[in-house]
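# pasting the structure only:
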């Protein structure tokens, strides 16, 4: 009972203090008062974060989560405060890492540094060579704490790569250690590289990506070049449009538009097969000439007639009707692999994998001979069937047979 009162009383006082702070009207404060309040609030946030990390470290050691039926301390904390499990688990990692860094833990509890600074310092200690003594590690920690009071976490991170200089006079050794850290960071970044795309079914596709710093800055520079008012065509147009309407340019929208332009102009000549990175738009001659009708994509989606005509201005147009100068689509036994022209032509008939019930888009598919090439099957359009990688492997598995259905799809069954 006493322990409950010991917790409740200080936290009640804390909330009462916050209630009094909430009565302050920032608009009535002078510049110096605003700056002082911002500094004090930031210091208070760091002190509270330090207390939170200390609590998480104790809970981790005491295995509080297990008694509460949670799989980990991070999960237990996330459930209590309705936070994301990944964030709380990272906080648990920092909390346990601070156990061996009393000076850093104390600086955080006093509000001299932020949790982000503390994370940089703990990581820097882990990256020191195994030959560094405890006394030398303490010297490195003190050096980084001094810099942390005047640097942002990102700036401190760059300094921390050369933290060894606090105890190592040989610059060549420090340079080599920094290079090794960068190599490890690059390898870790490559392992964490991800790209996810989601069709919102409202005319947009949302996505999220994580790429290494180098490639991220390359993308940023390309987009900034396209959108910069004084350098890029698109940026100039957007800036002029914004000025004309008396509004500020939405730069997030500008970068999104620039990204679309970048995607449409990516070179695909070096890809094999090139058609794998080609979106095929199907429309009739009347629509191409100005009629209003939707145009189909080989991914199974549709676009407006205006968008299709815009793409036709810069894209290659291949007639898929009689009367045009068509390419040979039947190759007989002259070639084993289907040609890009055959793939495009087949995409006019199939929108997905031909396996019955499979909805993987045609763009993902590989072309399969209905009658195997090894059994004298021809490389003709009529003999081609698109299959996703999974079903293409399965169709070559001797444990399965397939039969063509009237609509051109393929049904699998286990061989009896």
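Received, thanks. Note that the coordinates shown come from a computational prediction; the quantities given were computed from them, not determined experimentally.
# every contact and neighbour count from this point should use C-alpha atoms.
Will do.
# any figure for the gap between residue 129 and residue 99?
Noted for residue 129: a distance of 20 Å to residue 99, by C-alpha to C-alpha, to the nearest Å.
# mind checking the SS state of residue 38?
The assignment at residue 38 comes out as helix when based on DSSP: H, G, I helix; E, B strand; the rest coil.
# please name the residues that touch it.
Residues near residue 38 by C-alpha atoms under 8 Å, 6 or more residues apart in numbering: none.
# got a pLDDT number for it?
For residue 38, the pLDDT comes out at 94.
# check residue 259 too.
On the pLDDT scale, residue 259 gets 84.
# please identify the helix or strand for it.
helix 251-264 (DSSP states H and E).
# same question for residue 8.
Going by DSSP H and E, residue 8 is part of helix 2-21.
# hmm, who's touching that helix?
So helix 2-21 is contacted by nothing (C-alpha under 8 Å, 6+ apart).
# let me see the mean pLDDT of it.
For helix 2-21, mean pLDDT rounds to 79.
# change the start of the numbering to 19 and stick with it
Got it, the first residue is 19 from now on, which makes the last one we talked about helix 20-39.
# identify each buried residue in it, please.
By neighbour count with 16 or more other C-alpha atoms under 10 Å, helix 20-39 contains no buried residues.
# likewise stretch 167-183?
So stretch 167-183, judged by 16+ other C-alpha under 10 Å, has buried residues 169, 171, 174-175, 177-183.
# of those residues, which is the nearest to residue 217?
residue 171 (36.1 Å; C-alpha to C-alpha).
# so the closest one sits against residue 139, correct?
No: using C-alpha atoms under 8 Å, residue 171 makes no contact with residue 139, being 9.6 Å away.
# residue 168: what's it in contact with?
No contacts exist for residue 168 under C-alpha under 8 Å, 6+ apart.
# scratch that, residue 225 is what I was asking about
213-216.
# which of the residues you listed fall in strands?
Of the positions in the contacts of residue 225, 213-216 sit in strands, assigned by DSSP state E.
# just the buried ones among these, please.
Buried among those (16+ other C-alpha under 10 Å): none of them.
# quick one: the contacts of residue 225 as CSV, columns for pLDDT too.
CSV is the format used below for the contacts of residue 225 (pLDDT from 0 to 100):
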residue, pLDDT
213, 90
214, 91
215, 87
216, 90
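# mean confidence score for stretch 235-251?
Mean predicted confidence for stretch 235-251 is 68.
# roughly how far apart are residue 103 and residue 96?
5 Å.
# please produce CSV containing the ones in strands among the contacts of residue 225, extended by distance to residue 33.
Output for those, formatted as CSV (distance: C-alpha to C-alpha, whole Å):
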residue, distance to residue 33
213, 42
214, 42
215, 43
216, 42
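# which parts of the helix holding residue 277 are buried?
Neighbour-count burial for helix 269-282 flags 272-273, 275-277 (criterion: 16+ other C-alpha under 10 Å).
# not counting sequence-adjacent ones, nearest residue to residue 115?
Take residue 115 and drop its neighbours on the chain: the residue closest to it by C-alpha to C-alpha, 6 or more residues apart in numbering is residue 140, 6.4 Å away.
# measure that neighbour to residue 165 for me?
Distance from residue 140 to residue 165, by C-alpha to C-alpha: 14 Å.
# between the two, point out the one with more neighbours.
When neighbours are counted by other C-alpha atoms under 10 Å, residue 140 and residue 165 differ, and residue 140 comes out ahead with 18 against 15.
# appreciated, that's everything.
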